[in-house]
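*Asks:* Got a predicted structure plus its sequence, pasted below:
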Amino acid sequence: MSNAESIPMRSFRVLTGVVLITWLVLPLIPLAIWSFARGWFYPDLLPKTWTLRAWEYAMSDTAGVLDSLWLTIGISLAATVLSILVGVPAGRALGMYKFRGKEIVELMILAPTIVPGIAVVLGIHSVFISMGLNNTVWGVILVHLIPTLPYMVLVMSGIFANYDPAFEAQARSLGASPLKTFWYVTLPAIRPGIIVGGLFAFLVSWSQYILTLLIGGGRVETLPLLLFNFATAGRNDITGAIGMIYILPGIIILLLTAKHLSGRSGAVGGFGQI
Amino acid sequence: MTHVSIKELTKVYPGATIPSLDRLSLEIPTGELTALLGPSGCGKTTTMKMIAGLLEPTSGDVTFDGRSVLRDKPEDRGVVMVFQNYLLFPYMSVADNVGFGLKMRKKDPAEIKRRVGEMLELVKLPDLGDRKPSALSGGQQQRVALARALIVQPNVLLLDEPLSNLDAHLRFEMRDLIRSLQQEMGITTIFVTHDQEEAVVLADRVALILDGQMKQYDRADVFYKRPIDEATARFFGGHNFIPGTSDGHVFDCALGKLSLPEGATTGAGKLTFRPENVRIGTAADGQNCLTSTIADVIYLGTQTRLKLRVGDTALDAVVNPNEIESYAVGDTLPIHLPRATLWVI
């Protein structure tokens, strides 16, 4: 930003910051306090006694939080990798080529972001039962692709809409095999899109509740399921502790990939840039 | 050292009815620099891509030293194409761009480094290896693209409009560089251009392609002296086409009876001569002298373009501005057309 930034512009930025903090950070504060409180009742502003009891429990073997954490990480990573493997070629086709029925394909891919998951998951449930995928980790990973793929494809088609395939022809002409061309020429050009799309896919998978519950049948217990159990059981302290663990990966990933999320990056263009 | 031969090469793009390239045949001798010349959309770049293996021909064949290469993958053909917009890989430094082809051939890093250094020296950019391509000027980018192509010592080098993105003084510098490197390394080189001047200054031989078909394939000067037809002559800036009949020695037309050079075609045709070959004054041997009236004068700096009338026939002439005192509209100007500069098409 230049030094010549105008005063209205600067106050706008300050206002944006305040709104963001109010919406995103403030709701987390009671959660954090709860995880260290031994009872916290009206009209106290802060708990009377503090304790690490909830954290000790959350980290113990009996709670199953750590198992659940690793399982959730594994499922989300697998869903992300699969999204990338499907989303990159799909995005290339939608971003670079014109073909009959392209609008319908785009609509079908976007549909899961509009239609609620519960509407389709019952049908998928019966299909998965017949395929033996019900109550399995693989079933959960596959069903997570429904909400993750639209984001991946959307980001990648934006990237490929601004991509010049002539670079690939040039690399081939200079002696690169198709695989090396992809590695040295295509991949560096689309890397921001893979990072941003992968981030979306990971976080979308990370926050799935209903799809995991129905397809996993309660046997695949990811963090959101565990969290929900404690929340409905009224254990605000343990819910707070697990909640803090639950939001951690999102914050870490966001910090690592923040520079790719700026408005100038082609990765956040979506279909709008076609 | 490769003799390139193109046989009846045809390309019809899917969904198109008219072929983009229609049975083009061409022999490009080893080590020669050949221009494919034609207006945009005439099929030149299509031809190049088919030679490079980046596009599959509908029919026809491309052979290197007599062996068909159509089944060879682009990376195995020993052909490197330099695109018009250079296509330097933006994520790599200049040195990595130049060394790309060697890296793909799994050369030793130390050898790559040494040869990249030599190559950058050769294209006169020795200190720019660490820069990113975006930090270079257009002329520098072009030289990097050329270095990146030449470093793999291709059998055949393809250049897409190599001079068209450069301004006037860089064009001649680049022209000299391309020619000297090409001659030194003896690489059979084909380039495409829509600019007849670019074709003439750079190429040993020029193939003129109009409407997907080859019109004429000859040494550059022949296009000026002996164009094959009116379209060819017009493409090279010819303006004067006067209908009449030839008996092989004399052309009978509205300008009178003009004597022709040896080898002129006979029968009905058109007399053509280049504007710059119209001479002012009467000829010493009295041949082909005419009396014209100046209809318009266009001053072009180093040249003056005259629109002349001989009777009802309009002629174009390009003359030296200082040849006579002044050119004024309506003046009578004696001219002659040297016999050797006339041609019948």
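*Replies:* The structure has been received and is ready for your questions.

*Asks:* What strand or helix carries the closest residue to residue A:35 other than its chain neighbours?
*Replies:* With sequence-adjacent residues excluded and distances taken as Cβ to Cβ, 6 or more residues apart in numbering or on different chains, residue A:35 is closest to residue A:240, at 3.4 Å. Any C-beta I mention is one placed from the backbone N, CA and C, and that applies to glycine too. Residue A:240 is part of helix A:236-257, with elements assigned from DSSP states H and E.

*Asks:* What are the buried residues along that helix?
*Replies:* A:236-246, A:249, A:253, A:257 (16 or more other Cβ atoms under 10 Å in any protein chain shown).

*Asks:* for stretch B:215-234, same thing?
*Replies:* Within stretch B:215-234, the residues scored as buried using 16+ other Cβ under 10 Å are B:215-218, B:220, B:223-228, B:232-233.

*Asks:* go on, stretch B:258-268?
*Replies:* For stretch B:258-268, by 16+ other Cβ under 10 Å, it's B:258, B:260, B:264.

*Asks:* check contacts around residue A:152.
*Replies:* Going by Cβ atoms under 8 Å, 6 or more residues apart in numbering or on different chains, residue A:152 touches A:83-84, A:86-88, A:91, A:197-198, A:200-201.

*Asks:* Where is pLDDT lowest across these?
*Replies:* Ranked by pLDDT, the contacts of residue A:152 bottom out at residue A:200 (89).

*Asks:* quick one: the residue nearest to residue A:35 and residue A:32 touch, right?
*Replies:* Yes. Counting by Cβ atoms under 8 Å, residue A:240 touches residue A:32, with 6.7 Å between them.

*Asks:* ok, is stretch B:55-62 in contact with chain A or not?
*Replies:* No. Judged by Cβ under 8 Å from any Cβ of the partner chain, stretch B:55-62 stays clear of chain A, getting no closer than 9.1 Å.

*Asks:* Grab the most central residue of the chain for me.
*Replies:* Defaulting to chain A. Centroid-nearest residue in chain A, with Cα atoms, centre = their mean: residue A:203, separated by 1.6 Å.

*Asks:* wait, I meant chain B there
*Replies:* residue B:199 (1.9 Å).

*Asks:* Relative to chain A, how far out is it?
*Replies:* Per Cβ to the nearest Cβ, to the nearest Å, residue B:199 is found 22 Å from chain A.

*Asks:* In this model residue B:38 seems to touch that residue, though I could be wrong.
*Replies:* No. Using Cβ under 8 Å, residue B:199 is not in contact with residue B:38; the gap is 9.5 Å.

*Asks:* circling back: quickly name whichever of the buried residues of stretch B:215-234 is closest to residue A:154.
*Replies:* Closest approach between those and residue A:154, by Cβ to Cβ: residue B:215, at 49.7 Å.

*Asks:* List the beta-bridge partners for residue B:34.
*Replies:* Residues in a beta bridge with residue B:34, per DSSP bridges, are residue B:190, residue B:205.

*Asks:* how many other residues sit next to it?
*Replies:* 23 (other Cβ atoms under 10 Å in any protein chain shown).

*Asks:* and it, what is it in contact with?
*Replies:* Residues near residue B:34 by Cβ under 8 Å, 6+ apart: B:26, B:28, B:189-191, B:203-207.

*Asks:* Next one: residue B:339 from residue B:251, what distance?
*Replies:* Remark: distance between residue B:339 and residue B:251 (Cβ to Cβ, to the nearest Å) = 10 Å.

*Asks:* Roughly how far does residue B:299 sit from residue B:150?
*Replies:* 43 Å.

*Asks:* Which one's more surrounded, those two?
*Replies:* Taking other Cβ under 10 Å, residue B:299 and residue B:150 do not tie; residue B:150 has more neighbours (23 against 9).

*Asks:* any idea what sits nearest that one, other than its immediate chain neighbours?
*Replies:* residue B:181 (6.1 Å).

*Asks:* ok now do that neighbour, which residues does it touch?
*Replies:* B:122-123, B:146, B:150 are the contacts of residue B:181 under Cβ under 8 Å, 6+ apart.
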